[in-house]
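1. just need the structure, nothing else, for what follows:
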Amino acid sequence: MDHQLSGQPACAPSCSAARRIIRQLLLVAAVMAVAPGHAQQQQQPVLGTWSHVGMLPGYTEMFVADIDNAGRIVGGVWGPGGASTSVLYSNGRLSEIANLGLPGGSAADISNTGYIVGGALDRGDPPRTIAYIHHPDGARYTQPGPPNAAWSRASHVNDVGEAVGTASLQYPGSLDAVQSAFLYDRNGQRHTLGWGAYTVATGLNNAGQVVGQGHRPGSDTVRAFTWRNGTTIDLGTLGGAIATTAGINEAGQIAGTSTLAGPLSEAPRHAYLWDNGVMTDLGTLGGRDSNAWDLNNAGDVVGSSAVDGSGLFHRAFLWRDGTMRDLGTFGGLGSVALQVNERGDVVGVAELDELDYKGNPVQHAFLWRDGRLIDLSASLAASFNDISQIDPYSVHMNDVGHITLYGITAGGLRGIFLLTQVPEPATWAMLLAGALTLWVRLRRRVGSASARLATSTGTVRHGPREVAA
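-> Numbers count the residues shown, from 1 in each chain. Below is the predicted model:
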């Protein structure tokens, strides 16, 4: 209990409020500091809270394309008669993205600064998709695709609003339109990427470096490339004829998959990490093939790899610091890692040791964290116990740890479910330390003010109580 004695400086209501807040923080932090050990002992970690993001009126289905670090979700909804539109979920509200004023389409990506890209559907004659950039202010749009394109769609955007995508273009000497990758840069300039025809962009970083793959002129095989400052660089291969890309990080490292030496139809394929002109073979988990699907800024790569000579079963892997790690399954034979974030968390899909009614292995979405495989599908089902269907391959994750899954409940609730995770133990430790620091500063501030007042009132402070001099 706080005692306000005569002659003590009025610590204002804000000080008392601050004390109460700090006590609450200390209590919560202390409880949570103990909780992780209990959760680990039970092997049932409390991930957080699942919630349904809702559905726009008149639509029945929704998919997620991306989720940024603020928890904003973009994707698309569709309904009867082929109706569709781009959507944004932000601050607990699902809303339509205006789509250049056109009535259809879907979003493909969102940057951490709020730029959104995708394709708007023009239902003219003939109907076509038009690439768009939706600006963070919500009022401006840009059409980044080539103006002469038969159709275009933007697929990735960085934090400064640069976007890459694919467009259908007519090239001289060609009777048919061909697919080409494009970049819309920060200066409003449009660039055709790769070697022109038959190329696709798979990512870009905040420096405007782009990755993709396509056919080189005169060749029927696909090669990986990076586009930097107007120059297309062939990434090479691991000795074979084909290479593809999965993504690029802020350091300019690129993950992908390449064939090894051998006849095209028989050559093994391995995941690789390309760094400053050097392509490193990441190997396998003991089998013939491996594939990369994502990487983070630390150079961690995730994907799947065969585990034996049969090649029938692939397991999810995390490649870190030169070592490929098997992430395991839920008792089944196969798994695949789809995404890794900046915390080093991995999401993907793993098989259980059971079959569905069609005789196929049951698959669940997973979260791998600190050496432990956590069943996301089971976590969602525990929160919505009437859920009848979960699509494990719909899993998406941001760097904060928010996760999305598509599901359907027996009661007819369908669409996207969002997991908002509780802070990690390290976060609570930081909270505890911060609360203690605030408490010490508050005590010093009050003590200093009391001393100044005592000089003029004759009040002397003796420990916890005050007496008249």
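
2. mind jotting down where the strands sit in the stretch 51-200 of the chain?
-> Under the criterion DSSP state E, counting those that start in this stretch, the stretch 51-200 of the chain carries strands at the ranges 61-67, 73-78, 84-90, 93-96, 104-110, 116-122, 128-134, 141-142, 151-157, 163-169, 178-184, 190-192, 199-204.

3. could you export the ones you listed as CSV, including distance to Tyr406?
-> Using the backbone N, CA and C atoms, a C-beta is placed for each residue, glycine as well. Output for the strands of the stretch 51-200 of the chain, formatted as CSV (distance: least, Cβ to Cβ, whole Å):
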stretch, distance to Tyr406
strand 61-67, 7
strand 73-78, 10
strand 84-90, 13
strand 93-96, 14
strand 104-110, 14
strand 116-122, 18
strand 128-134, 23
strand 141-142, 28
strand 151-157, 20
strand 163-169, 24
strand 178-184, 28
strand 190-192, 34
strand 199-204, 23
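
4. nearest to Asp300, of the ones you listed?
-> strand 199-204 (15.6 Å; Cβ to Cβ).

5. relative to strand 178-184, how tilted is the closest one?
-> Here the directions of strand 199-204 and strand 178-184 differ by 30 degrees (axes from the mean of the first three to the mean of the last three Cα atoms, to 10 degrees).

6. please name the strands paired to strand 199-204 in the sheet, noting orientation.
-> strand 210-215 (antiparallel) (DSSP bridges).

7. list the contacts of the strand it pairs with.
-> The contact list for strand 210-215 (Cβ atoms under 8 Å, 6 or more residues apart in numbering) reads 164, 181, 183, 193-195, 197-204, 221-228, 243-245, 247-248, 254, 256.

8. for stretch 116-130, what is the average pLDDT?
-> The predicted model assigns stretch 116-130 a mean pLDDT of 89.

9. still on that earlier bit, got the strands of the stretch 51-200 of the chain as CSV, with mean neighbour count columns?
-> As requested, those are exported to CSV (neighbours: other Cβ atoms under 10 Å):
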stretch, mean neighbour count
strand 61-67, 20
strand 73-78, 23
strand 84-90, 22
strand 93-96, 14
strand 104-110, 24
strand 116-122, 26
strand 128-134, 24
strand 141-142, 18
strand 151-157, 24
strand 163-169, 25
strand 178-184, 22
strand 190-192, 16
strand 199-204, 23
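
10. which of the ones you listed sits closest to Lys358?
-> Smallest distance to Lys358 across the strands of the stretch 51-200 of the chain (Cβ to Cβ): 22.2 Å, for strand 61-67.

11. dump the C-alpha coordinates for that closest one into PDB.
-> Provided in PDB are the C-alpha atoms of strand 61-67 (Å, rounded to 0.1, in the frame of the first residue of the first chain):
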ATOM      1  CA  GLU A  61     -14.200 -18.900 -50.100                       C
ATOM      2  CA  MET A  62     -10.900 -17.200 -49.400                       C
ATOM      3  CA  PHE A  63      -7.200 -17.900 -49.800                       C
ATOM      4  CA  VAL A  64      -4.100 -16.200 -48.300                       C
ATOM      5  CA  ALA A  65      -1.200 -15.100 -50.500                       C
ATOM      6  CA  ASP A  66       0.900 -13.400 -47.800                       C
ATOM      7  CA  ILE A  67       1.000 -12.000 -44.300                       C
END
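
12. now it, how far from the centre of its chain.
-> Distance, stretch centre to chain centre, for strand 61-67: 12 Å (Cα atoms, centre = their mean, to the nearest Å).

13. who does that strand pair up with?
-> Note on strand 61-67: by DSSP bridges, its sheet partners are strand 73-78 (antiparallel).

14. ok, and what's touching the partner strand?
-> Outside strand 73-78, the residues within contact range by Cβ under 8 Å, 6+ apart are 53, 55-56, 59-67, 84-90, 97, 105-110, 116, 118, 404, 416, 418.

15. leaving out chain neighbours, which residue sits closest to His314?
-> Distances taken as Cβ to Cβ, 6 or more residues apart in numbering place Ser304 nearest to His314, at 4.1 Å, with adjacent residues excluded.

16. okay, and the beta partners of the one you found?
-> Beta-bridge partners for Ser304, by DSSP bridges, are Asn291, Ala316.

17. I figured it was touching Thr284, is that so?
-> No - contact between Ser304 and Thr284 fails when scored by Cβ atoms under 8 Å: they sit 9.9 Å apart.

18. list the residues that contact both of the two?
-> By Cβ under 8 Å, 6+ apart, the residues touching both Ser304 and Thr284 are Ser290.

19. follow-up on the earlier one: what's near enough to touch the residue nearest to His314?
-> Residues near Ser304 by Cβ under 8 Å, 6+ apart: 290-291, 293, 314-317, 335-337.
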